[in-house]
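> Provided below are the primary sequence and the corresponding predicted coordinates.
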Amino acid sequence: MRATTDDFVHKGMRKQLVELIKSKGITDEKVLTAILNVPRHFFLDSAFEKQAYEDRAFPIGEEQTISQPYTVAYQTQLLQVKPFEKILEVGTGSAYQASILAELKAKVYSIERQKRLFDANKNFLFLKKYPTLSMFYGDGFEGLPTYGPFDKILITAAAPYVPAKLLAQLKVGGFMVLPLDEGENQRMHRITKLKDGDFSEEKFDEFSFVPMLMGKRQ
Ligand code: SAH
């Protein structure tokens, strides 16, 4: 069962979480405000309300996890979200990251390959708050060609390589933020699409994500 009430205790825990994330180096005030505004405990079973406000990943079933709040803040900060931008997210999972992007007023298109996780979000009432958030059951390696091109793309699972079909769905000047596999861990990358088919690459810190897997799963 999901929790549906958000009281002063939850808000207090969120404030502390935001302070912690700030102390770890996240500076973008809009990102921090989004973390403050989205009740992360709604995204977990109500038995785990306290854990929802610890800075760590947490299991959500199907061997998947809701990303650590710091990681969500880190990827979102790199994404430099502006209102009305079209953003493709690969790996909806709990839909927490997708909600943070919607909170920043982006038009979010989020894909999940696991049918059960996708279905769980269909009846998740809180998400109705975000009319600009659409969710799809599909393979993130394919992207969503009929909805592109996108201003930004965010991959929230460990990518074995930069998916070519996703690069093709980026606007010129747009960029993709993704954790790229380097064995045990992944290094966060930001790949910008330049004119004439060129790309530039920036590298950031190391993280540990669940793998990005091929194909859909029933
Ligand atoms: N953004 C999520 C994090 C989920 S973990 C959140 O905020 O909770 C990564 C998710 O990526 C998992 O749910 C996993 O099933 C999904 N995933 C892995 N490979 C994928 C692919 N090829 N296409 C779409 N989703 C994928």
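Now that the structure is in, tell me what you want to look at. These numbers were taken from a predicted model, which means no experiment stands behind them.
> give me the distance between residue 95 and the ligand.
6 Å (Cβ to the nearest ligand atom, to the nearest Å). From N, CA and C alone the C-beta is placed, and that goes for glycine too.
> hang on, I meant residue 1
Distance, residue 1 to the ligand, using Cβ to the nearest ligand atom: 18 Å.
> same check on residue 101?
Residue 101 is 10 Å from the ligand, by Cβ to the nearest ligand atom.
> the residue nearest to that residue when sequence neighbours are not counted in helix, strand or coil?
Using Cβ to Cβ, 6 or more residues apart in numbering and skipping the chain neighbours, the partner closest in space to residue 101 is residue 108 (4.7 Å). Secondary structure assignment for residue 108 (DSSP: H, G, I helix; E, B strand; the rest coil): strand.
> look up how far the ligand lies from residue 108.
Separation of residue 108 from the ligand (Cβ to the nearest ligand atom): 11 Å.
> the longest strand in the chain is where?
The residue-count maximum for a strand in the chain (DSSP state E) belongs to strand 170-181.
> spell out which residues of this structure are next to the ligand.
64-67, 90-91, 93-94, 96-97, 111-114, 117, 139-141, 156-157, 210, 212-213 (Cβ under 6 Å from any ligand atom).
> can you name every helix or strand that the longest strand of the chain contacts?
helix 69-79, strand 150-155, strand 186-193 (3 or more Cβ pairs under 8 Å, 6 or more residues apart in numbering; DSSP states H and E).
> hmm, back to that, now, the residues of the chain next to the ligand that are in strands?
Per DSSP E, the residues of the chain next to the ligand map to strands at 64, 65, 66, 90, 111, 112.
> spatially central residue for this structure, please.
residue 97 (3.4 Å; Cα atoms, centre = their mean).
> name the nearest residue to it, ignoring sequence neighbours.
Ranked by Cβ to Cβ, 6+ apart and with sequence neighbours excluded, the top spatial neighbour of residue 97 is residue 72, at 5.1 Å.
> for that neighbour, list the residues it contacts.
35, 96, 97, 100 (Cβ atoms under 8 Å, 6 or more residues apart in numbering).
> what's the burial count for the first one?
Burial measure for residue 35: 23 neighbouring residues, criterion other Cβ atoms under 10 Å.
> follow-up on the earlier one: what about the residue nearest to residue 97, distance to residue 28?
Between residue 72 and residue 28 the distance is 12 Å, computed by Cβ to Cβ, to the nearest Å.
> just residue 100 next, same as before
From residue 100 to residue 28 the distance is 12 Å (Cβ to Cβ).
> shared neighbours of these two, anything?
residue 76.
> more neighbours: which of those two?
Under the criterion of other Cβ under 10 Å, the comparison of residue 100 against residue 28 puts residue 100 first, with 25 against 17.
> cool, thanks, talk later.
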